[in-house]
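>>> Predicted structure and sequence below. I'll ask about it afterward.
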Amino acid sequence: MRYILFPACLLLACAVFAVAQEPAAPTGGRGSGAGSATTAINAAYIRENYSKFEYRIPMRDGIKLFASVYVPKDVFSDSRTYPILMQRTPYNVGPYGPDQVRANLGPSEFFAREKFIFVYEDVRGRFMSEGEYSLLRPHNPAKKGKEIDESTDTYDTIDWLIKNVPGNTGKVGLYGISQPGFYATAGMIDAHPALVAVSPQAPVSDYYMGDDVYHNGAFMLAHRFSFYQGFRVREGDPAPPPPANQPRFDYGTPDSYDFYLSLGSLANVDEKYFKHTQPLWLLNIDHFTYDDVWQSRAIWKHLKAIKPAVMLVGGWYDTEDPQGLLRQFDFMQENTPPQTLMLVMGPWNHGGFSRGDGDRLGNINFGIKTGLYYRQNIEFPFFLYYLKGRGDGKFPKAWLFQTGMNQWRKFDNWPPRAAASKSLYLDAKGKLNWQQPAASGFEEYLSDPNKPVPYIGFTFSGVLNTYMTEDQRFASERPDVLTFKTDPLDRDLTGAGPISVDLKVSTTGTDSDFVVKVIDVFPNDYPDFNNPPPPGGRGGAGAAAAPPVPQGPPNAVKMGGYQQLIRGEPFRGKFRHSFEKPEPFKPGQPDRITFRLPDVAHTWREGHRIMVQIQSSWFPLTDRNPQKFIDIPKALSTDFVKATERVYFGGADGSRIELRVE
């Protein structure tokens, strides 16, 4: 089988390559479900109903930040007043120029017709704003005088807006997706009194601990390489972005599996492709432990005693920032939480809640327009209540889409207090059991970093942004992937909360990655909801006269027996004791790896199986481990060696997976 992957932009990277709108923002309210809820917003409507102003807003240190402000025209004609809804972004606030307007305003298609004062601001050092850009600028909790961080820039911006923008009510809301989500998070620390509602959405919270750059010490290679081809530090004075038709990086092949394999070591990348002109790439690969560079940028550690109402939004299948908002939610709950703190999770990839119907992702059909439901019934009412005082203001602690059952649910606590921990034990012959096996043993495989396991099993020209729902049958067939599964379940089983991994392993190398995937195996008779049979089936009255039913290509995905990835994470073994101080394995000596996968709210239905797959590469999603204890960004091609990996089961200390079961 041939595996072809081509590094193209994900949602966030697409915006950067084009140097256009911020990632995941609706481009005109024309997601496939937008028209069914309200008339689509477009630039003509914006020009008719809003006046656009461009301001350069002074910060406390004298630097001026650029903002585009859209004010409803009836502020001037009828003395109406409106709250402010703001986004701060490193991706530009275009279009620039007072006569150039956006095709939509606010988080979704519902906001422009409701009318708010909309503000879009280039953050410090980006595009038309003055100053020096810092990637996820560290928060300074002990600022003095004119010292700044993103919290003060937000405070100073809000202070200026409420004093200078006509027709504002003195109430402000703040939101953003991905990196703009980071700025929303930073803005609610030591917040301006006028800031009453904040929604970090798929927010970057800790680049090293499970967000874009590192997952448990493993470098997210394909996305980082493609992202930093387009996202670059500004050179020179403030300026609008270049035209969107700038040439993109030429990979020279549609086969990114081979492209990334041909990169060799990460040591080759800067010289060969970035030509010493991309300091952000070097920041990523030079800091491969959880050092002060990353710890100082972990914004979630400062979320104590937050005053505004907070709605955290993310997707169960976010391929970029799956952990950030969960980390924020957990920390705020334990540190004087805001009066309103709501977690919203749906079956979306990165920013998928902001566009389209959300009724399917990849091959998985949810049967519900989850994106439209969220925008209309959760996001819009949240801001409407806190900014305009409309609605009852009754929001649950968690409003989550339960996958598998495919239904929305509200929770007073997350994870649910009633959820009990239940262990699944690895056992001989690929078994996954609820009882701890008495007999000890192991399964082993040969891991070859020069022939790494791909993360999807088909030809694709891009970093697939639906890989977190993809079929894992291709991996089950590989000799370098261990597969364990339960018998068919005799009743529904719902996982609610994080999944804990406790592996007893050994390697003949001195370092190794262990990728753990938790999977829902569908029964063989599972229906093909994406390609249902015609009414009446193939038999019955009139069948002889019916035209032939098109069968489609022979390689079309059949959902019977589908192995849906529910959660998957890599773990770089050298960090098993500390992410700050890596340690080598002793060859052949068993050791333990323990870590947590991000939360789930998923039901394995009766007749389905739970499967766990374990492997030592996930390429080119993550970089290759040479399987030597070495600084991986400095490894040479000769450093990549084969190693035999063992996973031990049974006895008092065998490997297991722990679920919180509702």
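Sure thing, it's come through.

>>> give me the number of residues near Trp434?
Counted with other Cβ atoms under 10 Å, residues neighbouring Trp434 total 11. (C-beta placed from N, C-alpha, C; glycine too.)

>>> what sits against it?
For Trp434, the contact set (Cβ atoms under 8 Å, 6 or more residues apart in numbering) comprises Lys422, Ser423, Leu424, Tyr425, Thr486.

>>> from those residues, which would you call buried?
Burial by neighbour count, 16 or more other Cβ atoms under 10 Å: within these this picks out Leu424, Tyr425, Thr486.

>>> got the residues you listed as TSV, with distance to Met86, secondary structure and pLDDT columns?
Shown next, in TSV, are the buried ones among the contacts of Trp434 (distance: Cβ to Cβ, whole Å; DSSP: H, G, I helix; E, B strand; the rest coil; pLDDT from 0 to 100):
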residue	distance to Met86	secondary structure	pLDDT
Leu424	46	strand	98
Tyr425	51	strand	98
Thr486	49	coil	98
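
>>> Closest one of the contacts of Trp434 to Phe458?
When these are compared for distance to Phe458 (Cβ to Cβ), Thr486 wins out at 26.6 Å.

>>> how about the closest one, what does it touch?
Leu424, Lys431, Leu432, Asn433, Trp434, Arg609, Ile610, Met611.

>>> ok, back up a step: tabulate the contacts of Trp434 in CSV, adding columns for distance to Gly346.
Listed next are these as CSV, based on distance: Cβ to Cβ, whole Å:
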residue, distance to Gly346
Lys422, 25
Ser423, 28
Leu424, 26
Tyr425, 32
Thr486, 27
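
>>> Now flag whichever of the residues you listed is closest to Leu343.
When the contacts of Trp434 are compared against Leu343 (criterion: Cβ to Cβ), the nearest one is Lys422, at 22.7 Å.

>>> Which residue is the nearest non-sequential neighbour of that closest one?
Val661 (4.5 Å; Cβ to Cβ, 6 or more residues apart in numbering).

>>> ditto for Gln615
Nearest residue to Gln615, sequence neighbours excluded (Cβ to Cβ, 6+ apart): Val481, at 4.4 Å.

>>> in terms of contact, does the one you found touch Gln613 like I think?
Yes: counting by Cβ atoms under 8 Å, Gln613 is a contact partner of Val481 at 5.5 Å.

>>> where do the contact lists of the two overlap?
What both Val481 and Gln613 touch, as defined by Cβ under 8 Å, 6+ apart, is the set Ala475.

>>> Kindly format the C-alpha coordinates of stretch 335-349 as PDB.
These are the backbone C-alpha positions of stretch 335-349, laid out as PDB (Å, rounded to 0.1, in the frame of the first residue of the first chain):
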ATOM      1  CA  ASN A 335      -8.700  29.100  40.900                       C
ATOM      2  CA  THR A 336     -11.600  31.400  41.900                       C
ATOM      3  CA  PRO A 337     -13.600  30.800  38.700                       C
ATOM      4  CA  PRO A 338     -15.700  33.500  37.100                       C
ATOM      5  CA  GLN A 339     -19.400  33.600  37.900                       C
ATOM      6  CA  THR A 340     -20.100  32.200  34.500                       C
ATOM      7  CA  LEU A 341     -17.700  29.600  33.200                       C
ATOM      8  CA  MET A 342     -19.000  27.400  30.300                       C
ATOM      9  CA  LEU A 343     -17.200  24.800  28.300                       C
ATOM     10  CA  VAL A 344     -18.600  24.100  24.800                       C
ATOM     11  CA  MET A 345     -17.400  21.100  22.800                       C
ATOM     12  CA  GLY A 346     -18.700  19.800  19.500                       C
ATOM     13  CA  PRO A 347     -17.700  17.300  16.800                       C
ATOM     14  CA  TRP A 348     -15.500  19.800  15.000                       C
ATOM     15  CA  ASN A 349     -12.000  20.200  13.700                       C
END
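
>>> For that stretch, the averaged confidence score.
The average of the pLDDT scores along stretch 335-349 is 98.

>>> count of residues packed around Pro554?
5.
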